[in-house]
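1. build me a model:
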Amino acid sequence: MKQEKLRYHRVLTIAGSDPSGGAGIQADLKTFAACGCYGASAIVAVVDENTVGVTDVHPVPVKFVAGQIRSVLDDIGADAVKIGMLHSAELIQTVRQTLDLYPDIHNIVLDPVMVATSGDPLLIPEAVDSLKTTLIPRVRVITPNIPEAEILLGETIDRQSRLPDAARRLSDKCAGVSVLLKAGHLTDNRLTDIFFNAETGDTIRLESERLNTVNTHGTGCTLSSALASHLAKGLSLTDAAIAAKNYVAAAIEAGAAYEIGHGHGPVHHFFNFWP
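-> This next block holds a predicted model:
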C-alpha cells in the first residue's frame, strides 16, 4: 500500500530583506520555522541595514515581485500569507491584484509598516491611502503599532485605556478587519497589546512583562509572522493571536541575554530549540 505523503503548513512572506538577519524576510522565515511551518518568500526590496540602522533601500521591480508571488502560489501554495513593508502605492496595488488571483487564500496578515523606529515616515501619503483603500480590505488581520494606528485613525493614542476602543474603531475604518494593536510605544510597566477579533466582536488583552533590553529589532515582523504561522496551522483568530503574543514575548526574553551587533539586536527566534 502506498504511504500517504505528509503535508507542510505553508506560509508565504511578502517583505524586504534584512542582511543582518533580525527583521524582514529573514525574521519571517525564522519565525515560520520555529512555529512549525514551511516558509516561502517574495522579496520586495533589498535593504542595506544592520542593528544600528538603515543605510539604503533597493526596490525590486513590481512585476518581478508579482512573479515571485505567482511562482510560489502556483506551485507550493500557501495556508497563510504575511505582508510586511510595501514602499509604494504601485507595489501595494500590484500585491493586491496578484493576491486576487488566489481568492481561496483567506489567512492574510498585514504588518502595516509606515513609521521607522526613529519616528521617520516610511511611506508617502499616496502609499498610505493605497494601503488603506486597496490592500487592507483584502487581509484578515492587521498588526499596527501605535504610530501606525494613529496614522490610520488620524488621531493620537496616548494611553493604555484608549487602546481597546482604538482597535475597534480602526477595524470599523479599515473594512472590518481584525486588529492586533501593539502597545510597545507606551511606557507602562506591563506591555498590554489589544486584539480585536472582528469576526466575533471579542476584545482580548494580551499581557507580558516589559523587559529592559535593546534587543527588539524585528519584533513587529516576528509577531505578524507568528500570527500567520498559527493561522496556517488551523488555529482560530483569537487562539492564533494569543499564541503569537506568547511566542514573541518569550523570544524577546530569551534574546535579552545575548549581545550581537552595536545597536538593537534581534530576538531569539529559536529559544525552544537551543538556549
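2. who are the contact partners of the nearest residue to Phe270 once chain neighbours are set aside?
-> Among residues not flanking Phe270 along the chain, Ala34 sits closest, at 5.5 Å (Cβ to Cβ, 6 or more residues apart in numbering). Backbone N, C-alpha and C define where each C-beta goes, glycine included. Contacts here follow Cβ atoms under 8 Å, 6 or more residues apart in numbering; on that basis Ala34 touches Tyr247, His269, Phe270, Asn272, Phe273.
3. which pLDDT does the model give Ala34?
-> Per-residue pLDDT puts Ala34 at 98.
4. that one and Asp172: what is the separation?
-> For Ala34, the distance to Asp172 equals 34 Å [Cβ to Cβ, to the nearest Å].
5. circling back: so among the contacts of Ala34, which ones count as buried?
-> By neighbour count, with 16 or more other Cβ atoms under 10 Å, the contacts of Ala34 hold Tyr247, His269 as buried.
6. tell me which helix or strand Leu206 sits in.
-> strand 202-209 (DSSP states H and E).
7. who does that strand pair up with?
-> Partners of strand 202-209 in the sheet, by DSSP bridges, are strand 190-197 (antiparallel).
8. identify each buried residue in the partner strand, please.
-> Quick answer for strand 190-197 (16+ other Cβ under 10 Å): Leu191, Thr192, Asp193, Ile194, Phe195, Phe196, Asn197.
9. farthest pair within those residues?
-> Farthest pair in the buried residues of strand 190-197 (Cβ to Cβ) is Leu191 and Asn197. Separation: 19.8 Å.
10. contacting residues for the nearest residue to Arg169 once chain neighbours are set aside?
-> In space, and not counting its chain neighbours, Arg169 is closest to Leu153: 6.6 Å by Cβ to Cβ, 6+ apart. Counting by Cβ under 8 Å, 6+ apart, Leu153 touches Ala166, Arg169, Leu170, Lys173.
11. same check on His269?
-> Ala27, Lys30, Thr31, Ala33, Ala34, Thr222, Ala251 are the contacts of His269 under Cβ under 8 Å, 6+ apart.
12. do Gly263 as well
-> Gly263 neighbours (Cβ under 8 Å, 6+ apart): Asn50, Thr51, Val52, Gly53, Val214, His217.
13. could you look up the SS state of it?
-> coil (DSSP: H, G, I helix; E, B strand; the rest coil).
14. and it, what's its pLDDT?
-> 94.
15. show me which positions of the host helix or strand of Arg169 end up buried.
-> Per DSSP H and E: Arg169 is located in helix 163-173. Buried residues in helix 163-173, counting neighbours by 16+ other Cβ under 10 Å, are found at Leu163, Pro164, Ala166, Ala167, Arg168, Arg169, Leu170, Ser171.
16. likewise for stretch 16-28?
-> Gly16, Ser17, Asp18, Ser20, Gly21, Gly22, Ala23, Gly24, Ile25, Gln26, Ala27, Asp28.
17. who's in contact with that stretch?
-> 13, 15, 30, 39, 41, 43-51, 57, 82, 84-85, 87, 217-218, 220-222, 225, 261, 264-267, 269.
18. same check, this time on stretch 83-91
-> With Cβ under 8 Å, 6+ apart as the criterion, stretch 83-91 contacts 13-16, 24-25, 28, 44-45, 57, 59, 62, 65, 92, 95, 108-111, 113, 122-124, 126-127, 129-131, 134-135, 139, 221, 224.
19. now do that stretch, average pLDDT.
-> On average, stretch 83-91 scores 94.
20. how long is that stretch end to end?
-> Across stretch 83-91, the terminal residues are separated by 12 Å (Cα to Cα, to the nearest Å).
21. and if you look at stretch 16-34?
-> Stretch 16-34: ends 20 Å apart by Cα to Cα.
22. shouldn't Thr222 be within a helix?
-> Yes. Looking at Thr222 with three-state DSSP, it is inside a helix.
23. and the helices in this protein?
-> For the chain, the helices defined by DSSP state H cover 24-34, 62-75, 89-99, 125-130, 146-153, 163-173, 219-232, 237-255.
24. can you list the low-confidence ranges for this protein?
-> Applying pLDDT under 70 to the chain flags residues 115-122, 189.
25. name the single longest strand found in it.
-> As assigned by DSSP state E, the longest strand anywhere in the chain is strand 38-49.
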